[in-house]
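# Okay, predicted coordinates and the sequence, questions at the end:
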Amino acid sequence: MNTVGELVRQWRHRRRLSQLDLAIAADVSARHVSLVETGKSHPSVRMILRLADHLDVPLRERNHLLLAAGFAPRYQERPLDGEALAAAWEAVARVLRAHEPYPALVIDRSWNIVMANRALDPFLALAHPGLLEPPVNMVRLGLDPRGLAPHIVNLAEVRSLLRVRIARQLASAPDAGLAALYDEFLAGEHEEPVHQEVATPMIFRFDGREVRLFSTTTRFGTPTDVTLDEIAIESYYPTDAESVAFFSSTSP
């Protein structure tokens, strides 16, 4: 098991900071950062969290830092549909409902779908039932030949965009499950995305009709729970009148 100093060093390297950069940001001496990293100084909980804050360490990994130093984890990980996060659950559900008739969903850090609104149903209907067994993974759903892949007109472009996004996520914070997903669907030959529009759309074909969508991502601003720290709301918007008409015709 890595020591807290080794973990701090790994995160500093991941963020491409020198010991002096981190020291200035955290308002401590570079010598103190060096002593922490070499194990010659045992940092307090306050110091660990201060360094973690300036290294932009996710809450789950902050707990690992604390455990490595012999302290109890600081951040709880509670189910989104549990009583403790009821207010957050209702807020997210309200956002999803308000976005109808357009698709919106909540994904966790491994891109598993946690919640979705009813506008996603026409897309799920195209997938093999085996891909819809919980947890439904958004990357697998989109890129597996049994899923949405045959219906995505610009599949190479979408795959390239996902590759960039997930590679950036893995560079920001390690995740074995997500790395395996990347290796399964995104590793190998790299296609370059073609940037012709303000936001690159995903183009689907339904019974001869093309549906063009772009997406936005929303996260909780100041989470103190691991679950809330790791989820994101993916909202999709039509880019043209034909796509608007498609969702008007399929709206429940």
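Cool, got the structure. Numbering: from 1, shown residues only.

# in this structure, which spans are helices?
In the chain, the helices defined using DSSP state H lie at 4-14, 19-26, 30-38, 45-54, 59-68, 86-99, 121-124, 138-143, 155-172, 176-185, 226-230, 241-250.

# Neighbours of the closest residue to residue 120 other than its chain neighbours, how many?
Closest residue to residue 120 apart from its sequence neighbours, by C-beta to C-beta, 6 or more residues apart in numbering: residue 103 at 4.7 Å. All C-beta spots, glycine's among them, are computed from the backbone N, C-alpha and C. When counting by other C-beta atoms under 10 Å, one arrives at 24 neighbours for residue 103.

# and what of residue 33?
Residues within reach of residue 33, counting by other C-beta under 10 Å, total 27.

# coming back round to it: please name the residues that touch the residue nearest to residue 120.
By C-beta atoms under 8 Å, 6 or more residues apart in numbering, the contact set of residue 103 is 116-117, 119-120, 123, 213, 235-236.

# rerun that using 6 Å as the cut-off
Contacts here follow C-beta atoms under 6 Å, 6 or more residues apart in numbering; on that basis residue 103 touches 119-120, 236.

# which one among these gets closest to residue 161?
Of all the contacts of residue 103, residue 161 sits closest to residue 236, with 13.8 Å by C-beta to C-beta.

# Let's see the pLDDT reported for the closest one.
If you check residue 236, the pLDDT there is 97.

# Skip the chain neighbours and tell me the closest residue to residue 177.
Nearest to residue 177 is residue 110, by C-beta to C-beta, 6+ apart, at 4.7 Å.

# List the contacts of stretch 128-144.
Against stretch 128-144 from outside (C-beta under 6 Å, 6+ apart): 107, 111-113, 127, 146-149, 181, 185.

# Give me the buried stretch members for it, please.
The neighbour-count check on stretch 128-144 (16 or more other C-beta atoms under 10 Å) flags 131, 136-144 as buried.

# Can you get me the start-to-end distance on stretch 70-78?
22 Å (C-alpha to C-alpha, to the nearest Å).

# cool, stretch 205-212 as well?
Separation of the first and last residues of stretch 205-212 by C-alpha to C-alpha is 9 Å.
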